[in-house]
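A.B. asks: need a 3D model of the sequence below.
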Amino acid sequence: MCSSFAMDSESIVYKDYFNLWFGELGGSEVYKEPILSDFTLDKVKLFCYSLQQDTHVFLMAVDVLERYISTKNLLGLEIEDPLLYIITIIYLTGKQTGDLSGFKTETLIDLYVKLTQRLLTNGQIKTAEIDILMTLDHTLPLHTKIDDMNLFLQYYQIPDLDVDFQPLCEEILNFYVVNSLRIFNRIKLNYMKKQEALNAFVDIYSKRLYLPIGIFLSAIKMSSRLRTILHYKTIVLELSELSFIHEDHLNILAKEIYNSRKELHKQL
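C.D. replies: From the prediction side, this is the model:
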């Protein structure tokens, strides 16, 4: 089911780099549980939208915000003005990965004043920016969850199926991130009965392919057309072999994403 490449010299080089990159995607990262509430994540998403920043900036901002808060908590330090630091983090990540046309510090000030009715200066933004970078040892993420997902979608293609999974998967990814704490807790409950199962969960949750595959499978579950034309169990088994993650773990993730989204739609 993997995609094919045109075999000109440029494509051969590209394929080599692509396979190397996908090999890295099959690795693991440090296990980190989500710490941000749905309310906070929804606000970060809203601020990114207000500042005309895309999904890449939103997801990177979430990663940076979680690292920043975790580090501050370890140091026993409080964040005196959370809103200032959230919009400054969006500004920082926007400078790294987003479209900064028309996105100046004045834009941050206008949003801050509108939300708080308090004054904000360029100096305060610069101070917050320096504090964030120093707290994070001057490092920002090199990739985001959407980079991993897009790479997976580019690698894993189903022959003779003319379907662009990217828009639906990006929508589901945004939903997952905004509701990540709640979905994570629901998934973790499946592994709480035995320590061995909990250890297995820590291992699979750290794998970079775990979430892209779960989102892809939940996309199939959410589309009546895809459920009709695709053999879901065969795809799960194939992806399990590809990722070295047992199909039971992939099914649990896809089920919890699907059920959470379905429940939300019932409430609307």
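A.B. asks: residues in contact with the most centrally placed residue in the chain?
C.D. replies: Nearest residue to the geometric centre of the chain (C-alpha atoms, centre = their mean): Lys145, 3.5 Å. Contacts here follow C-beta atoms under 8 Å, 6 or more residues apart in numbering; on that basis Lys145 touches Leu59, Leu173, Val177, Leu211, Pro212. In short, each C-beta sits where N, CA and C put it, glycine included.
A.B. asks: phi, psi for it please.
C.D. replies: phi -60, psi -30 (degrees, to the nearest 10).
A.B. asks: repeat for Ser28
C.D. replies: phi -120, psi 160.
A.B. asks: also Tyr156?
C.D. replies: The phi/psi pair for Tyr156 (degrees, to the nearest 10) is phi -100, psi 100.
A.B. asks: and the pLDDT at it?
C.D. replies: For Tyr156, the pLDDT comes out at 88.
A.B. asks: and if you look at Leu168?
C.D. replies: On the pLDDT scale, Leu168 gets 93.
A.B. asks: and the helix or strand hosting it, what does it pack against?
C.D. replies: Using DSSP states H and E, Leu168 maps to helix 166-178. On a contact count with 3 or more C-beta pairs under 8 Å, 6 or more residues apart in numbering; DSSP states H and E, helix 166-178 meets helix 38-50, helix 55-75, helix 145-155, helix 210-222, helix 247-267.
A.B. asks: could the ones you listed be laid out in TSV, adding distance to Ile90?
C.D. replies: Formatted as TSV, the helices and strands packed on helix 166-178 follow (distance: least, C-beta to C-beta, whole Å):
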stretch	distance to Ile90
helix 38-50	6
helix 55-75	5
helix 145-155	16
helix 210-222	22
helix 247-267	24
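A.B. asks: pick the most buried one from these.
C.D. replies: With neighbours taken as mean count of other C-beta atoms under 10 Å, the helices and strands packed on helix 166-178 reach their highest mean count in helix 210-222, at a mean of 22.
A.B. asks: restricting to C-alpha, output it in CSV.
C.D. replies: In CSV, the C-alpha atoms belonging to helix 210-222 read as follows (Å, rounded to 0.1, in the frame of the first residue of the first chain):
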residue,chain,number,x,y,z
TYR,A,210,1.0,6.3,17.4
LEU,A,211,-1.1,9.5,17.0
PRO,A,212,-0.9,9.8,13.2
ILE,A,213,-2.2,6.3,12.8
GLY,A,214,-4.9,6.7,15.4
ILE,A,215,-6.1,9.9,13.6
PHE,A,216,-6.0,8.1,10.2
LEU,A,217,-8.1,5.2,11.6
SER,A,218,-10.6,7.5,13.3
ALA,A,219,-11.0,9.3,10.0
ILE,A,220,-12.0,6.0,8.4
LYS,A,221,-14.5,5.4,11.2
MET,A,222,-16.0,8.9,10.7
